[in-house]
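Trainee: Generate a structure from the sequence data that follows.
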Amino acid sequence: MQRVSLEALARQQLKQAATAGGGHTADTVYGGHEKVLRQTVIGMIEGAVLGEHSNPGEATVQVLSGRVRLSTGDLSWEGRAGDLLIVPDARHSLEALVDSAVLLTVAKLS
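Mentor: I've put the predicted structure just below:
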């Protein structure tokens, strides 16, 4: 068994995002392209946006710190630390309203 501190990874990703092009960084903590389940900690500085993209499968965004906005078309949902956002099965984007860290969980469709 392996134990991972999401709080420590969130702090690390936020620190790296502060100097990264685009204002965001990511680290996959479980799974990957060869697995069905993938979990990734993403750090985003205020104003950073993960531009509109499609889902590779079912997905959720757990807000570890900060505040984010998940948008699709004319709809948007805000999440803050402790919230779990269900990612719509449509093109969507994610914006950091303040410095934020999230845990993206994706179960790829076959």
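
Trainee: got the residue ranges for the helices in the protein?
Mentor: With DSSP state H, the ranges of helices along the chain come out as 6-17.

Trainee: what about the strands in it?
Mentor: Here the chain has its strands, by DSSP state E, at 24-31, 37-44, 49-53, 57-65, 67-72, 75-80, 84-86, 92-96, 100-108.

Trainee: Report all helices and strands that the shortest one contacts.
Mentor: If I follow you right, that is strand 84-86. Here strand 84-86 touches strand 57-65, going by 3 or more Cβ pairs under 8 Å, 6 or more residues apart in numbering; DSSP states H and E. Heads up, the C-betas are built off the backbone N, CA and C, glycines and all.

Trainee: for the strand it packs on, what is the average pLDDT?
Mentor: Here strand 57-65 scores 95 as its mean pLDDT.

Trainee: tilt between that strand and strand 49-53?
Mentor: Here the directions of strand 57-65 and strand 49-53 differ by 170 degrees (axes from the mean of the first three to the mean of the last three Cα atoms, to 10 degrees).

Trainee: Walk me through which strands strand 57-65 pairs with, and which way each runs.
Mentor: Looking at strand 57-65 with DSSP bridges, its partner strands are strand 84-86 (antiparallel), strand 100-108 (antiparallel).

Trainee: Residues in contact with that strand: which ones?
Mentor: 6-7, 10, 14, 36, 41, 68, 70, 79-87, 89, 94, 99-109 (Cβ atoms under 8 Å, 6 or more residues apart in numbering).

Trainee: Repeat the analysis, applying 7 Å as the threshold.
Mentor: 6, 10, 70, 79-87, 94, 100-109 (Cβ atoms under 7 Å, 6 or more residues apart in numbering).

Trainee: before we move on, what about stretch 44-53?
Mentor: Applying Cβ under 7 Å, 6+ apart, the set of residues contacting stretch 44-53 from outside is 17-18, 22-24, 91-100.

Trainee: List the buried residues for that stretch?
Mentor: By 16 or more other Cβ atoms under 10 Å, the buried positions in stretch 44-53 come out as M44, I45, A48, L50.

Trainee: Any of the contacts of strand 57-65 buried? List them.
Mentor: 10, 70, 79, 85, 87, 94, 100-106.

Trainee: A90 contacts D74, correct?
Mentor: No: using Cβ atoms under 7 Å, A90 makes no contact with D74, being 11.3 Å away.
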